[in-house]
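1. starting from these lines, generate the structure:
(chains A, B and C)
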Amino acid sequence: MSPKMQNNPRPSLLYRMFDSDAGYKFRSSPITVLAGVVAVLMIGAAILAPLIAPFDPFNKASIDLMNSLTPPAWQQGGNPAFLLGTDDQGRDLLSAILYGTRTSVMVGAISVLLAVTAGIFLGLIAGYFGGIVDALVMRIVDIQMTFPAIMVALMIDGVSRTLLPRDRHDDLAIFVIILAMALSIWPQVARTVRASTMVERGREYVQAAQVIGRGPWVIMARHVLPNVMGPVLVIATINLGVAILGEATLSFLGVGIPASEPSLGTLIRIGNNFIFSGERWMLIYPGLTLALLVLSVNLLGDWMRDVLDPKLR
Amino acid sequence: MIRFVLQRLVQAATVLIVVALLAFVMFRYAGDPVAQMVSQDTTFEDRAALREAMGLNDPLPVQFAEFVVRVVHGNFGLSYQMGQPVAGLLADRLPASIELSLVAFSIALLVGVPMGVYAGLRPNGWISRLFLIVSLAGISLPTFFIGIMLILVFGVELSIFPTFGRGETVDLGGWTTGLLTFSGWHSIILPAITLGLFQMTFIMRLVRAEMLEVLRTDYIKFARARGIDNGRINFRYALRNTLVPVMTIAGLQLGSIIAFGIVTESVFQWPGIGLLFLQAISTVDIPVMSTYLLLVAVIFVSINLIVDILYFLVDPRLRISDKR
Amino acid sequence: MTLLSIQNLTVEYPGRKSTFTAVRDVTLSLERGEILGLVGESGAGKSTVGTAVMGLLDPPGRVSEGTITLDGVDVREIAQLRGRRISMIFQDPLTSLNPMFTVEQQLIDTIRAHRDVSGAEALAEAVALLASVGIADAETRIRQYPHQFSGGMRQRVVIALALCSNPDVIIADEPTTALDVSIQAQILVLIRDLARERGVGVILVTHDMGVIAQTADRVAVMYRGRLVEVGTTQQVIYAPSHAYTKSLIAAVPRGDIKLERFPRVSYSEDTTPPRAEFALSSHWLGKAREGAAARSAEPLVSVRDLGIRFPTVSAILPRNRRYIDAVKGASFDIAQGEVLGLVGESGSGKSTVARMLSGIYRPGTGSIRFDGRDLATVHSSRERQAIRRQIQMIFQDPFSSLNPRMRVETIVAEPIHHNRLTSSEAETRAIVADLLEVVELGAAAGRKFPHEFSGGQRQRISIARALATRPRFLICDEPTSALDVSIQAQILNLLKDLRDALNLTVLFISHDLPVVRQMCDRVAVMRNGQICELAETEALFEHPKAEYTQELIRLMPQI
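-> The predicted structure is shown next:
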């Protein structure tokens, strides 16, 4: 710390990011750089799926049952039009994977966003006000954390199936999954935010704001929130992986996204039916895509945790 | 101590009541229970009579109370799908799930803890780095995909392990065990590894993080400054401090093993309660679903309670309150 | 022969961009039975010398040059003996004992790590050691866990543990910094007795000149990694030769007489730009001070029978709940323009009083009158805010009292914005710039974030923020206890100047009696939530009436 009052021209924001400790930790770990590149490429490809996919797997007109079970292009019997081969319906696997990744990423991102919003709000008020509000929120969190995420999701899915008529269920499946994942993630966010809020609340800058006369909501929004965002970012990233995995698992189990809409989980489920015959590509490529996606997201989460808070688990 | 346990018991009871309420709501409102029991041509009057006989016209709290009484007596109704008492169905399949969970949990603990301790003690060694990368893969790869890959490699390609079922079982007075036969062990290996791998990597990372944290504390530095040898510091001083939080979280992971047991049972067609639950979800077999929920809630709540009490017993700061 | 000899020690921390030299070319020696004080301000490298001797430097730190010899033998050759012959006492007794083991287990483990004795012999020895460091009823207490001991007792346990190996040298790193004055005195006596009776050489690392004066035989003064002066305690304290030592000693607040100002310290790390001279009283900051100085007969602040209790055990049934009376029946007046000191040890309730006055806590009982109005009777939020605006506070910890995510200008402008004191954003900016000039940071500081400043500079930002509402009453809660003495002197001088220029009324809270003597007109002494004595400063220091005050003044570190 040597705060000389110099007026050097400030280096550009990009350079400062590159030169910061976080930037250094990023650069000095080739695996993290690779994970970052892979994650950006995959999420980008997923978002752009309608533009870059060779076929539209939803368009029944473009699907020809004659093409079914074509192996990948480089294998014997492959067709260059279908780079990774086709499934039992004749759908192009590459396109299905791109669209499937899109569904998976979307479900993951929206559910994490919902969970983070709810978790921040409840965690902030629990940590800031304490007392009965805190006890109430934390009891709900405790109770829900007793049950693993996947179990909560299964329960919600099960309940929704009993409450909704069967034909409506397929249309609403994606919302049910988003809700299920968000519900299973928010307690973790709330707990983290609450813990950080309690720490920040004890710091004197919060008391200083009170002395100035700021009300609790302004203090929470302006003072506490920016200081608890670091851990939230880490938790959100790690849980993006969890949510993508959760969706895939539910879809794989046949209780998630219906088979007519490709998600990585449903693709693996279909591929699994062909495990004993020779058509392994239908299993391997969606599976690898899912693993790579979640692995790179987790690597980024790990790096963020290292940078932001070495103690956070 | 008594206060603490009471507090936890109240919390546990709350969880159970909430889950029971959920199960009751499913039971009562999902579909018409009468419609499930009668044939198409039952008259309206007969249905109404049945409705009255089943107590479906009673006030809701009464119905809930009766539901709880039935549940406490082990009467969970009949499976819509199989027409058998749910309690019996679950009891038949429970041993398979419990054996799978325990074997998986043992693998996770027996491998995960030593790996974590090693990685914590030598954070910069290449073996530790390898452990970390492997563990990250373990956390990132979905359980079902690991299971499928194991089946593909060891079951289909190499044909050295069975790919489904639990092999021969022995009936020990109502408890069918696969752990007394060779084929039982042969069958449990792949599913147990599948199920335990995630927990193992999780426990390893946790132990490592805790170990690193404890080794940085002043009391460890002070112990070093007093000339106590490294082995003693690492394995007596640091490990004991590390294991308190690890124990808590590992206990909670037992719950997550039960949850992921559903996935593993589905992949390996393991005849446990998870598979039953999955089938119940897809066929909307409500009595089975709600009973499973209740059973799982009881198991989770008991695990949590035990972990909390253990925590209390192990940590002297909680056990012996300040005299002043 | 010299017991411990440090020759040309240099310790480096290689970093990503440059190598940081924490200790440069330090040469020291220690005799048997001698206490060598190693003194310096934060960042001087004094603790690093201690850890280097112990061989416990945290990576990537390393001894790049120099040798350390014990009885003429290089310590590197007797690495395994290091822990036996050299022992260490850490600063915080709360964290230096393993919470999972009883004191007995820790003592016996340590004894048996060094000598091949039976369990029974080790136990007997452990009990004797515990008794020798002044723990009564050692046979029973040895079976307890660390958390069952109080802070001072824990430090005694730590010392007993350090003595297990019969060391020749003990390095005590700020051994009393975490303790109250009365306990500090006892621990220092214990350390001195150890040196005398056991012939142990002690290196006492501390920032506190008072501790050195009370305890050390010789003193080594460090500044920025270098040794600037070594000599007997008498010589260094009363006739320092190096300029840095002179300014350091001059900056130590004196407990014996009251001075007008603290001497300006030339060796300061916080070089501030020359201050633009402000006629503060005619500036915005000094103007519109409604009624200031007009009614000096009436006390500005009047506190009657103030009390608050906090729950210690919460329970559903009221009869099972337990409370602690943090403050009980406190009454005092502060006259217009007066500085009232509030002193007491940790847990005496002095900070709680500050938090009730500033509105952070709502008082449980009693009344606070400000400028003649009872605060409890002000119900309209506008009026309440108008009064609150005139009461501002400076906090203890400069590292937590500024929001790390806000720029300094935003921090200082926040009270102005909240109270809508200006008519335009441009005016606010101009006032913020002036405020930063007033606290000697310069307007350019506004664009930066708090982490770019040192502790003393942050405290100046905190002062600027407190002044931004044009308050009449300023509460200073241990404003300098986290700072080095030379920085403390500057901040206290600044506070004195501002008080004079703006005619502020001040409640000055501190545990440091010499500081209080320098700063305050009257002093209230608090103990266990109650005020036990309130008197004019000089009268209180010269003729303390309450027994507790006499005790505090007797234990006051003197140099």
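
2. report the buried residues of stretch A:96-114.
-> For stretch A:96-114, a neighbour-count test (16 or more other Cβ atoms under 10 Å in any protein chain shown) marks A:96-112, A:114 as buried. For glycine as for every other residue, the C-beta is placed from the backbone atoms N, C-alpha and C.

3. cool, stretch B:15-28 as well?
-> B:Val15, B:Leu16, B:Val19, B:Ala20, B:Leu22, B:Ala23, B:Phe24, B:Val25, B:Met26, B:Phe27, B:Arg28.

4. now do stretch C:229-243
-> For stretch C:229-243, by 16+ other Cβ under 10 Å, it's C:Glu229, C:Val230, C:Gly231, C:Thr233, C:Val236, C:Ile237, C:Pro240, C:His242.

5. what is the nearest of these to B:Pro162?
-> Checking the buried residues of stretch C:229-243 against B:Pro162 by Cβ to Cβ gives C:Val230 as the nearest, at 79.3 Å.

6. how about that closest one, what does it touch?
-> Shown in contact with C:Val230 (Cβ atoms under 8 Å, 6 or more residues apart in numbering or on different chains): C:Leu28, C:Arg218, C:Val219, C:Ala220, C:Val221, C:Val236.

7. how about the fourth one, secondary structure?
-> Right, C:Ala220. strand (DSSP: H, G, I helix; E, B strand; the rest coil).

8. right, and it touches C:Thr233 too?
-> No - contact criterion Cβ atoms under 8 Å: C:Ala220 and C:Thr233 do not qualify, at 10.7 Å.

9. how near is C:Val211 to chain B?
-> Look at C:Val211 and chain B: by Cβ to the nearest Cβ, to the nearest Å, they are 20 Å apart.

10. those strands in the stretch 1-150 of chain B, which residues are they?
-> For the stretch 1-150 of chain B, applying DSSP state E, counting those that start in this stretch gives no strands.

11. most proximal residue of it with respect to chain C?
-> B:Arg3 (8.5 Å; Cβ to the nearest Cβ).

12. quick one: low-confidence ranges for chain B?
-> B:1, B:27-41, B:53-57, B:320-324 (pLDDT under 70).

13. ok, 90 please
-> Within chain B, the stretches with pLDDT under 90 are B:1-99, B:101-102, B:108-109, B:112-113, B:116, B:119-190, B:193-324.

14. who in it is up against chain C?
-> Chain B comes close to chain C at residues B:217-229, B:232, B:236-237, B:240-241, B:244, B:315-317, B:320, B:322-324, as judged by Cβ under 8 Å from any Cβ of the partner chain.

15. just the stretch 101-250 of chain A next, same as before
-> Counting by Cβ under 8 Å from any Cβ, the stretch 101-250 of chain A sits next to chain C at A:203-205, A:207-214, A:223, A:226-227.

16. which of these are buried?
-> Among these, the ones that count as buried by 16+ other Cβ under 10 Å are A:203-205, A:207-214, A:223, A:227.

17. tell me the two of those that are most distant?
-> The widest separation within those, taken as Cβ to Cβ, falls between A:Gly213 and A:Asn227 and amounts to 20.2 Å.

18. need the contact list for C:Thr48.
-> Contacts of C:Thr48 (Cβ under 8 Å, 6+ apart): C:Val11, C:Ala22, C:Val23, C:Leu57, C:Gly61.

19. most neighbours, which of those?
-> With neighbours defined as other Cβ atoms under 10 Å in any protein chain shown, the most crowded of the contacts of C:Thr48 is C:Val23; it has 30 neighbours.

20. OK, contacts around C:Arg499?
-> Counting by Cβ under 8 Å, 6+ apart, C:Arg499 has contacts C:Gly337, C:Val339, C:Leu474, C:Val506.

21. for C:Arg304, that is, sorry about that
-> C:Ser331, C:Gly366, C:Ser367, C:Arg369.

22. if we go to 6 Å?
-> C:Ser331, C:Gly366, C:Ser367 (Cβ atoms under 6 Å, 6 or more residues apart in numbering or on different chains).

23. now do the helix or strand harbouring it: distance to the chain's middle.
-> If you go by DSSP states H and E, C:Arg304 is part of strand C:299-313. Distance of strand C:299-313 from its chain centroid, counting by Cα atoms, centre = their mean, to the nearest Å, is 25 Å.

24. quick one: mean pLDDT over that strand.
-> For strand C:299-313, the mean pLDDT works out to 86.

25. one more: stretch C:345-358?
-> 88.

26. quick check, it touching chain A?
-> Yes - residues of stretch C:345-358 contacting chain A under Cβ under 6 Å from any Cβ of the partner chain: C:Ser358.

27. gap between the two ends of that stretch?
-> 21 Å (Cα to Cα, to the nearest Å).

28. so what touches that stretch?
-> Residues contacting stretch C:345-358 (Cβ under 6 Å, 6+ apart): A:211, C:180, C:326-327, C:342, C:344, C:361, C:363, C:391, C:393, C:475, C:477, C:509, C:526-527, C:529.

29. so which of those sit within helices?
-> A:Val211 (DSSP state H).

30. now the two most distant members of the contacts of stretch C:345-358.
-> Going by Cβ to Cβ, the pair spanning the contacts of stretch C:345-358 furthest: C:Asp180 and C:Ile391, at 28.8 Å.

31. more neighbours: which of the two?
-> Neighbour totals were compared for C:Asp180 and C:Ile391, and C:Ile391 leads with 26 against 18 (other Cβ under 10 Å).

32. next, C:Gly66: secondary structure please.
-> Per three-state DSSP, C:Gly66 ends up strand.

33. burial measure for C:Arg527, as a count.
-> Neighbours around C:Arg527, by other Cβ under 10 Å: 20.

34. check it and give its pLDDT.
-> 90.

35. check C:Ile187 too.
-> Looking at C:Ile187, the pLDDT reads 87.

36. could you do the one 4 residues further on as well?
-> The model reports C:Ile191 with a pLDDT of 90.

37. same question, A:Ala46
-> So, for A:Ala46, pLDDT stands at 82.

38. so what's it up against?
-> Counted by Cβ under 6 Å, 6+ apart, A:Ala46 has contacts A:Thr101, A:Arg102, A:Val105.

39. around the residue nearest to B:Leu89 when sequence neighbours are not counted, count how many other residues there are.
-> In this structure, B:Leu89 finds its nearest non-sequential neighbour in B:Ser79, 6.0 Å apart by Cβ to Cβ, 6 or more residues apart in numbering or on different chains. Counted by other Cβ under 10 Å, the residues lying close to B:Ser79 total 23.

40. B:Ser79 touches B:Val86, doesn't it?
-> Yes - counting by Cβ atoms under 6 Å, B:Val86 is a contact partner of B:Ser79 at 5.4 Å.

41. spit out the residues that contact those two alike.
-> B:Pro287, B:Val288.

42. where do the helices of the stretch 1-150 of chain B begin and end?
-> Taking DSSP state H, counting those that start in this stretch, the helices of the stretch 1-150 of chain B run over residues B:2-29, B:33-37, B:44-53, B:60-72, B:86-121, B:126-140, B:143-150.

43. near chain B, which residues of the stretch 151-300 of chain A?
-> Checking the stretch 151-300 of chain A against chain B by Cβ under 6 Å from any Cβ, the hits are A:151, A:158, A:161-163, A:245, A:248-249, A:252-253, A:255, A:272, A:287, A:291, A:294-295, A:298.

44. I'm done for today, thanks for sticking with me.
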